[in-house]
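Q: one predicted model, sequence on top.
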Amino acid sequence: MNILRKTWTQLRRSPFQGLAAVMITTLTLLVISVFTLLSFGSIQVLKYFESAPQVIAFFEPGEDLSDIQIANIRAQLEKTGKLNQFRYVSTREAEAIYKEKNKDNPLLLELVDYNILPASIEISSVELDDLVDLKNILQVQEEVDEVVYYEDIVKSLSNWINSVKTLGAVVISYLTLESVLVILVIIGMQIASRRDEIEIQKLLGATAWFIRKPFVIAGIAYGLVGSFLAWSFSYLLLLYSTPFLANWLQDIPLLPVPFWFMMAVLGGELILGTVIGAIGGLIATRRFLKD
Amino acid sequence: MIIFQKVSKQFPDGTLALDQVSFQVNEREFVFFIGPSGAGKTTIMRLLRREILPTKGTVLVKGKNLKEMEKEEVPLLRRQVSMCFQDFKLLYDRTVYENISLSLEIAGMEEEKIEQRVGETLKNVGLEKKGNFFPVQLSGGELQRVGIARAIVGKPKVLIADEPTGNLDPESGFGILKLFKEINLAGTTVLVATHNVQIVNRFKERVVLLKKGKIISDHKKGKYQLKKKKEDKK
């Protein structure tokens, strides 16, 4: 309790310096929050696309394949050892899917029945790179009318996620360093303004750590307050934009972001905030407090 | 308790503050160090707390050679050899209570014990009703009492005071020295550096006279005052 009271007194003595430290830490951790959520979202989107059929072969409208034909195609695909999932969708099943998707639009339901819908084979590969081989097998089948191929989408998405991660790492590193430096300078200023008090403490027999402790704890306090604020802002931002994002993402099951995930983000940010503040405080006391 | 063996101190600018000074102070003794400005009184006080190191010679406190002392041991020495300053060295944004309790916080004492000990000490120095006052609300004599309270609250073995009456009127100065005597009678070794011979004359204590960094005379308890009277008769 004593140390908390002392830290609070110390923070109160230099409110504008403290505010500057908290603001820069908040900005850093807000950016970290945004990139974390973006990475989480991107990975979920990628998983969705990876788990979805990556190649769909459509057959002539209204014509179903016989069991022998289906088994024959499946055997050819399985022979490669690269097939992950295989699903045959008959015209009747296609009609059921169409009806489910358009159940709120009676006009569309009236216009379409199974006779004009194609049967299809949906497959996914074990590895993304193997997809082209499987696609080539499907394309040469006599009954196939059209092949839809998702490899480019998945690859683009994967590249985009990697770019986001790289950019995030660079921006986060820069801002983290900046936060440490700002806290270092602010605590250095506080040390300079309390030079007399520090001198008296030394004369009274204070150890180096006794003198340093309040400054290091002040640094940690800046980090903790900044991280909590950053988390709160990012959560509010996420909640505010959820309706728009849900509409944009449509079938991709990404929202709402699980509460446990937000708690994990909070935990991570509190730890990072503590580390930033502690490093800033420790370097400042080492630099500006000579024994 | 305290031993100076042929101690010399020369500062980087070439000033020889102490020149082959030797003396010994026993436990529970009360010693005045007197002499004009530049005699070396403050240097002795600073050497005792290892604020500076001797150029030559040995300073021993309770058998420990301060020159060989580890840096980590210095804070503990300064708690055992406590000091009152001429300019009080108080924190003006803190109350009297907070100033005094700082010594005990530094020593790592629990908050409840601090409260009890500070209360007792405030009573001993006659400031029991001024714990919540800020230094600017106190007189010079009261400020020095706060400084003394802060120095003795941790029950040090040695209390040293550098010109403790320098900023006080004669009556307040006398009151402060009476307080030092009471602290000494309670078992603390007290060393007072002053150039105020008038006040020293009112106490029959050991007096070490310094001049230009050398000990001119070392008068045992009561002797300094007698010698002065003889000089007056002549």
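A: Perfect, thanks for sending it.
Q: now the helices for the stretch 151-291 of chain A?
A: A:151-193, A:195-203, A:208-249, A:259-288 (DSSP state H, counting those that start in this stretch).
Q: can you map out the helices along chain B?
A: Using DSSP state H, the helices of chain B run over residues B:41-48, B:74-80, B:96-106, B:111-124, B:140-152, B:170-185, B:197-201, B:223-233.
Q: to chain A, which of those lies closest?
A: helix B:74-80 (3.5 Å; CB to the nearest CB). C-beta: built from backbone N, CA, C; applies to glycine.
Q: can you list the helices of chain B in a markdown table and add mean neighbour count?
A: What follows is the helices of chain B, written out as a markdown table (neighbours: other CB atoms under 10 Å in any protein chain shown):
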| stretch | mean neighbour count |
| --- | --- |
| helix B:41-48 | 22 |
| helix B:74-80 | 18 |
| helix B:96-106 | 23 |
| helix B:111-124 | 16 |
| helix B:140-152 | 24 |
| helix B:170-185 | 18 |
| helix B:197-201 | 16 |
| helix B:223-233 | 12 |
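Q: and A:Leu107, how many neighbours?
A: Neighbour count for A:Leu107, taken as other CB atoms under 10 Å in any protein chain shown: 7.
Q: if I pick it, what's in contact with it?
A: With contacts taken as CB atoms under 8 Å, 6 or more residues apart in numbering or on different chains, A:Leu107 has no neighbouring residues.
Q: before we move on, what about A:Thr242?
A: A:Leu255, A:Pro256.
Q: repeat for the one 3 residues further on
A: Taking CB under 8 Å, 6+ apart, we find A:Leu245 in contact with A:Leu254, A:Leu255.
Q: rerun that using 10 Å as the cut-off
A: Neighbouring residues of A:Leu245 by CB atoms under 10 Å, 6 or more residues apart in numbering or on different chains: A:Gly41, A:Leu238, A:Ile252, A:Leu254, A:Leu255, A:Pro256, A:Val257.
Q: tell me how far it lies from A:Asn159.
A: According to CB to CB, to the nearest Å, A:Leu245 stands 22 Å off from A:Asn159.
Q: that older thread, in terms of mean pLDDT, which of the helices of the stretch 151-291 of chain A ranks lowest?
A: Within the helices of the stretch 151-291 of chain A, the stretch with the lowest mean pLDDT is helix A:151-193, showing a mean of 83.
Q: hmm, that helix in reach of chain B?
A: No. Judged by CB under 10 Å from any CB of the partner chain, helix A:151-193 and chain B are separated, with a smallest distance of 11.4 Å.
Q: which strands and helices sit next to that helix?
A: Of the remaining helices and strands, those touching helix A:151-193 by 3 or more CB pairs under 10 Å, 6 or more residues apart in numbering or on different chains; DSSP states H and E are helix A:2-13, helix A:15-51, helix A:131-139, helix A:195-203, helix A:208-249, helix A:259-288.
Q: can I get the next helix or strand after the third one in PDB? Just the C-alpha atoms.
A: Meaning helix A:131-139. With elements assigned by DSSP states H and E, the helix or strand that comes after helix A:131-139 is strand A:144-149. What follows is strand A:144-149, C-alpha atoms only, in PDB (Å, rounded to 0.1, in the frame of the first residue of the first chain):
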ATOM      1  CA  VAL A 144     -17.000 -31.400 -66.500                       C
ATOM      2  CA  ASP A 145     -18.500 -28.100 -67.800                       C
ATOM      3  CA  GLU A 146     -16.400 -25.600 -65.700                       C
ATOM      4  CA  VAL A 147     -13.700 -25.600 -63.000                       C
ATOM      5  CA  VAL A 148     -13.600 -22.900 -60.400                       C
ATOM      6  CA  TYR A 149     -10.200 -22.600 -58.800                       C
END
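Q: residue of the stretch 51-200 of chain A nearest chain B, please.
A: Proximity to chain B, evaluated over the stretch 51-200 of chain A using CB to the nearest CB, is greatest for A:Ile200 at 5.1 Å.
Q: nearest residue to that residue in space, please, no chain neighbours.
A: Once flanking residues are discounted, A:Ile200 sits nearest to B:Lys89: 5.1 Å by CB to CB, 6 or more residues apart in numbering or on different chains.
Q: count the residues that sit near that neighbour.
A: 17.
Q: show me the contacts for it.
A: Contacts of B:Lys89 were listed using CB under 10 Å, 6+ apart, and they are A:Asp196, A:Glu197, A:Glu199, A:Ile200, A:Leu203, A:Leu204, B:Met83, B:Asn99, B:Gly147, B:Arg150.
Q: chain center to stretch A:136-151, what's the gap?
A: How far stretch A:136-151 lies from its chain's middle: 34 Å, per CA atoms, centre = their mean, to the nearest Å.
Q: now stretch B:147-165, how far from the centre of its chain.
A: That offset, for stretch B:147-165, works out to 6 Å (CA atoms, centre = their mean).
Q: end to end on that stretch, go ahead and measure it.
A: With CA to CA, to the nearest Å as the measure, stretch B:147-165 spans 12 Å from end to end.
Q: what do you get for stretch A:122-134?
A: Stretch A:122-134 has an end-to-end distance of 11 Å (CA to CA).
Q: what's the per-residue pLDDT of whatever residue of chain A ends up closest to chain B here?
A: Closest approach between chain A and chain B, counting by CB to the nearest CB: A:Gly205, at 3.5 Å. Looking at A:Gly205, its pLDDT reads 91.
Q: so the residue of the stretch 51-200 of chain A closest to chain B touches B:Ala151, yeah?
A: No. Look at A:Ile200 against B:Ala151 with CB atoms under 10 Å: they stay out of range, at 11.8 Å.
Q: overlap in contacts, those two.
A: B:Phe85.
Q: flag every residue of chain B that's near chain A.
A: Residues of chain B found near chain A (CB under 10 Å from any CB) are B:49, B:51, B:71-72, B:74-83, B:85, B:88-94, B:98-99, B:102-108, B:110-111, B:114, B:150-151, B:154, B:156.
Q: before we move on, the earlier item: ok, the residue of chain A closest to chain B - contacts?
A: A:Gly205 touches B:49, B:74-83, B:103, B:106-107, B:154, B:156, counting by CB under 10 Å, 6+ apart.
Q: do B:Ile215 as well
A: Counting by CB under 10 Å, 6+ apart, B:Ile215 has contacts B:4, B:18-23, B:33, B:35, B:39-40, B:44, B:208-209.
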